[in-house]
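Peer 1: Build me a model from this:
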Amino acid sequence: MTKKLVLMSALLLSACSQSEQKHSNQQQEVETQNKAEKEHSQIEESIPAKPEALDLPIATFAFQTDGDQIIPKNCVWTDDAHAEGKSYWAISASSEINGKSQFSKEEIQVEKVKLGQAVKNCQSGFATETQKYAYAISREGDLVNFIALKPDRLIQNKDHSYSIDLNKNGKAEKVYVCYNMESLDAFFIDSSTKQPDLYHVNVQLSFGIDGEIEEDISCGDVFYKKSGIIAKENAQTGEFSYSVK
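Peer 2: As a prediction, the model looks like this:
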């Protein structure tokens, strides 16, 4: 009887020991897994998020340079690092199209221009942090007074008129243009949503405007009020930001 009790006690102790060992092993596995997951999470957090690719709808035409001299050869600044061989649209903006969302070919003097090889001598003053890639354009004449649109931002309608869709939502923007003495501002407004979308571009003209500009097309309070645009000036930088009423 005593031997049986000793044997049973030994078996129970062995079983308990195995159970405790198994529990200990499982606990170690859980702790190891938690530690690994925590380390993996820390590694992921330390990796900077990949920035979204830019797709600016408008580029900037400019002239090429030879040293300090401007030469009569066109080029374009864009955010597209692989634009060689692509065709952009050149459109002329004027106050004649204010408030319109459909335009004839003659109204915007629309033209397709093909981009050539990347160049390093495009006017540096027109480059920005986002538009930092320059390409030559083999075309005679002056393009700098035109607005450069990416190929999928200009729509040809069934009646052969044209519309502009910068945000690619299938809704044509209305265009408003005002003048400064040496530049013009073009505003593209999409009012199809509850919060209207506005895109602004400034075009540096290759000529100065002589004489006084009419108040309703001069870039000022009268024009902004008439067009439903809110212009706010930064007191420190002197730069303007724009929104829609």
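Peer 1: Show the contacting residues for the most centrally placed residue in the chain.
Peer 2: In the chain, the centroid-proximal residue (Cα atoms, centre = their mean) is residue 56; its distance is 3.7 Å. Taking Cβ atoms under 8 Å, 6 or more residues apart in numbering, we find residue 56 in contact with 78-79, 130-131, 150. From N, CA and C alone the C-beta is placed, and that goes for glycine too.
Peer 1: Just the ones in strands from these, please.
Peer 2: Counting by DSSP state E, the part of the contacts of residue 56 found in strands is residue 78.
Peer 1: which of the contacts of residue 56 count as buried?
Peer 2: Among those, those classed as buried by 16 or more other Cβ atoms under 10 Å are 78-79, 131, 150.
Peer 1: In these, find the pair that's most separated.
Peer 2: Distance extremes for the buried ones among the contacts of residue 56: the farthest pair is 131 and 150 at 11.8 Å, using Cβ to Cβ.
Peer 1: Mutual contacts of those two, please.
Peer 2: Counting by Cβ under 8 Å, 6+ apart, the contacts common to residue 131 and residue 150 are 56, 59, 78.
Peer 1: Nearest to residue 232, out of the residues you listed: which one, please.
Peer 2: Taking Cβ to Cβ as the measure, residue 232 sits nearest to residue 56 out of the shared contacts of residue 131 and residue 150, at 22.2 Å.
Peer 1: Skipping its backbone neighbours, what lies nearest residue 126 in space?
Peer 2: Using Cβ to Cβ, 6 or more residues apart in numbering and skipping the chain neighbours, the partner closest in space to residue 126 is residue 62 (4.3 Å).
Peer 1: Run a quick neighbour tally on the one you found.
Peer 2: Using other Cβ atoms under 10 Å, residue 62 has 23 other residues around it.
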